[in-house]
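[1] Structure here, sequence nowhere to be found:
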């Protein structure tokens, strides 16, 4: 397809999104929730057709010699299709994020009354990779929050994503809402992504969902606001005020090894010098047994000859695999300084039984998510009780941490007077 | 100064801002408020020196043949200097926007406890024109909200702004905080603005404060998030359900004529056809007496031969002078459609005594500020009771409407566990 033709198609998509926008913004929560449950029912009822579409993607993926991990991410079966439908039903049950009065006040000086009420953001572009379930999740969160969405999935999952988006559109239509509230870009050419990233005025927000390569490109090229995170260089600091080293050990191993490829996985462990002799011998042994490679500073290396020497780069690295950097620090201040300097402002945790030290850490660590006595692998909208999440944001504006339906709204200011003329 | 030298100077400014950042982010509200009152006292005590610096600016401005309006904006006298100091004192008294728990919840499924707490955004760049008082206002709002600020004022007011920023810095230092929390770029070359607009990673947010030319350039060129509005094409819709046309008339005249050059000034009036015969004859006469030019559609022209014919462009125009476009509409839906189509999502008002129509208008009009029964000239952070404002934002993300200290914060998520490992 020529660039000119793609531009035309993209303009049509934007025009349809604009047309769908006002109906979505002002419809009742019931209509939006009906659209979600309709979509869930349609996906369940048509699981065979979805499996067939997915088989085409799988066949192409195998022909392209995709890795086992990627094939697994792409594959849909009956159970996974049901899980997609259940997620839609679940999003229908969460509280309505639209029309919430977030602030209310009077100004006694002029007698005016004020309200801040949440409203949808508008039109959201989602750029994602090969997981077909993102199609339903992302569409559902946008729909729940009254936003129109333009989806751009990876080409590997194009048949699976297309058919899922078709059932979501059908569910929307059945609910009496414009089906163009959800549109899927099925043209695989990357030029469509470029158009999406430059569509200021037509797209209010872009959310990339995928690996660092994708996110980095989106952040670099977008001329539209982006909510995302680039790195998840997560830390745990173990304080010396600690009653039970076994509990700390369990949290550290969980944070590192439960799933090494997720953004909330632990990458650097900071240990107070006083607690190191009690904590490290057993911890290093267990991590070693769990096939975790350790890169430590001089002091850590004294605890085991299996510890490799850490370099400056190790403090910055998001390994996303079974490698852990460990450093001994003198106190919580040193830990905070290290995290704010080398970290990525994603998720960082303190393990401590001291209230003051914990409070200091929670206040001073400049990250989207700061945790006390829990594994960093809880950095996830689902664990926050927010329903599905669309990603984790580490930028400074609008939303930080897990981004779900509640974060996909903005507000307007309502002002009530009584014939007021300004002096 | 060479571009290379300016880049070096700018890098130094950024490095100093980064260094000041953590002290500002974690200091007490008392320290920030002390800095503000110290600055107010220093400005009062040194009003003579400020007047002398201002005299240099005024002399240069006269030599450059600046307009009377611009000279008036630039000029400082004893009363205006006191007003600047009073504004600082006033900002010191408003509620602390930092460390506010904006949400708090538990997740019964995993037993974790969550808090969302406001924190400063970080480093804010303010680009403004020739009003020297903006120097103090902008610095104060950033300081109040724990943000570091880099100020870039217009070259006309450079001596006045520089000396004011020096006293603010001195006040900060007296409060035991790093004076680099406020920095003023005194190099007048526009290349410094370019550096500021491209400083992603060093600057978290840019706020332009000035005319449409300045704001448009900033929005166009910035690679850093911007809070601003480009246009203030404000509407009033007069419903047919109205007990007293005189009150409506007074609000309309106030909204148009109180100050025609402000962003909240009325630009297009929409009148329900049923009320036009009662409202328009007297209103058109009074507007005419007040030297306001009227551009109306066919129906409006029937009410007076002084009404010029409105063109399509008139519905889009932000006049910022004594011109008003008037259109007759059939009902509130037509008014809403007109406003959402031609408006600038800034401030729009309904005058009505019907609750249902009002509610519909408030919900459906997609603007940062939507008003009922009051003049659009109340679109101002001061009138909202927010203390000084730094501008009005019409973007979709983070903050909409007046932006003051409370809007210059973001949040982090605090998570409290009890030895939690994720299954």
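    Arrived safely, thanks for sending. A quick note: this is a predicted structure, and the numbers were derived from the prediction, not measured. Residues are numbered from 1 along each chain as shown, chains lettered A, B, ... in the order given.

[2] what does the model give residue A:1 for pLDDT?
    On pLDDT, residue A:1 comes in at 84.

[3] Quick one: residues contacting it.
    Contacts here follow C-beta atoms under 8 Å, 6 or more residues apart in numbering or on different chains; on that basis residue A:1 touches A:9, A:187, A:189. All C-beta spots, glycine's among them, are computed from the backbone N, C-alpha and C.

[4] can you put those residues in TSV and add secondary structure and distance to residue B:342?
    Shown next, in TSV, are the contacts of residue A:1 (DSSP: H, G, I helix; E, B strand; the rest coil; distance: C-beta to C-beta, whole Å):
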residue	secondary structure	distance to residue B:342
A:9	helix	28
A:187	coil	33
A:189	coil	35
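
[5] Derive a ChimeraX selection command for the buried subset of those residues.
    The command below creates a ChimeraX selection of those among the contacts of residue A:1 that count as buried (16 or more other C-beta atoms under 10 Å in any protein chain shown):
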select /A:9,187
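
[6] Out of the contacts of residue A:1, flag the one nearest to chain B.
    Chain B lies nearest to residue A:9 out of these, by C-beta to the nearest C-beta, at 24.4 Å.

[7] Tell me where the model's unsure across the stretch 1-150 of chain A.
    Scanning the stretch 1-150 of chain A for pLDDT under 70 picks out nothing.

[8] what's the helix or strand for the nearest residue to residue A:249 once chain neighbours are set aside?
    Of all residues beyond its chain neighbours, the one nearest residue A:249 is residue A:283 (5.1 Å), with distances taken as C-beta to C-beta, 6 or more residues apart in numbering or on different chains. Using DSSP states H and E, residue A:283 sits in helix A:276-289.

[9] Go through that helix and flag the buried ones.
    A:276, A:279-280, A:283-284, A:287.

[10] What distance do you get for the residue of chain A positioned farthest from its centre to residue B:377?
    Largest separation from the mean C-alpha position in chain A: residue A:423, at 48.2 Å (C-alpha atoms, centre = their mean). From residue A:423 across to residue B:377, the span is 10 Å (C-beta to C-beta, to the nearest Å).

[11] Quick check, the residue in the stretch 201-350 of chain A closest to chain B?
    Counting by C-beta to the nearest C-beta, the stretch 201-350 of chain A gets nearest chain B through residue A:254, at 3.8 Å.

[12] which SSE is that residue in?
    Under the assignment here (DSSP H and E), residue A:254 is part of helix A:245-257.

[13] pLDDT wise, what is residue A:422 at?
    So, for residue A:422, pLDDT stands at 97.

[14] ugh, wrong one, I meant residue A:389
    pLDDT, read off for residue A:389, is 87.

[15] repeat for the one 3 residues further on
    Reading off the per-residue confidence, residue A:392 sits at a pLDDT of 95.

[16] The host helix or strand of it close to chain B?
    Taking DSSP H and E as the criterion, residue A:392 maps to strand A:391-393. No - judged by C-beta under 8 Å from any C-beta of the partner chain, strand A:391-393 stays clear of chain B, getting no closer than 9.8 Å.

[17] does the residue lying closest to residue A:275 once chain neighbours are set aside count as helix, strand or coil?
    In this structure, residue A:275 finds its nearest non-sequential neighbour in residue A:240, 4.4 Å apart by C-beta to C-beta, 6+ apart. Here residue A:240 is recorded as coil under DSSP: H, G, I helix; E, B strand; the rest coil.

[18] hmm, back to that, helix or strand next in line after the helix holding residue A:283, which one?
    strand A:293-296.

[19] In its sheet, which strands sit next to that following strand, and in what direction?
    strand A:308-309 (parallel), strand A:323-329 (parallel) (DSSP bridges).

[20] any idea how far the helix or strand encompassing residue A:149 is from the chain center?
    Residue A:149 belongs to strand A:148-152 when assigned by DSSP H and E. Here strand A:148-152 is found 16 Å from its chain centre; the criterion is C-alpha atoms, centre = their mean, to the nearest Å.

[21] ok, residues contacting the helix or strand following it?
    Remark: after strand A:148-152, the chain's next helix or strand is helix A:158-174, criterion DSSP H and E. Outside helix A:158-174, the residues within contact range by C-beta under 8 Å, 6+ apart are A:34-43, A:46, A:49-50, A:53-54, A:56-57, A:74, A:76, A:84, A:88, A:132, A:134-136, A:139-140, A:143, A:151, A:153, A:178-184, A:186, A:188.

[22] mind redoing it with 7 Å?
    A:35, A:38-39, A:42-43, A:46, A:49-50, A:53-54, A:56-57, A:76, A:132, A:135-136, A:139, A:151, A:153, A:179, A:181-182, A:184, A:186, A:188 (C-beta atoms under 7 Å, 6 or more residues apart in numbering or on different chains).

[23] what is the mean pLDDT for that helix?
    98.

[24] After it, which helix or strand is next? Please name it.
    strand A:182-184.

[25] So what are the sheet partners of that following strand and their directions?
    Using DSSP bridges, the strands paired with strand A:182-184 are strand A:148-152 (parallel).

[26] Please work out how many residues are found near the residue nearest to residue A:194 when sequence neighbours are not counted.
    Nearest residue to residue A:194, sequence neighbours excluded (C-beta to C-beta, 6+ apart): residue A:221, at 7.0 Å. Residue A:221 has 15 neighbours, counted by other C-beta atoms under 10 Å in any protein chain shown.

[27] so residue A:221 makes contact with residue A:199?
    No - assessed by C-beta atoms under 7 Å, residue A:221 is found out of contact with residue A:199, at 11.7 Å.

[28] Quickly note the distance from residue A:357 to residue B:204.
    28 Å.

[29] give me every residue that touches the closest residue to chain B within the stretch 51-200 of chain A.
    Per C-beta to the nearest C-beta, residue A:107 is where the stretch 51-200 of chain A lies closest to chain B, at 3.8 Å. Applying C-beta under 7 Å, 6+ apart to residue A:107 gives the contacts A:114, B:383-385.
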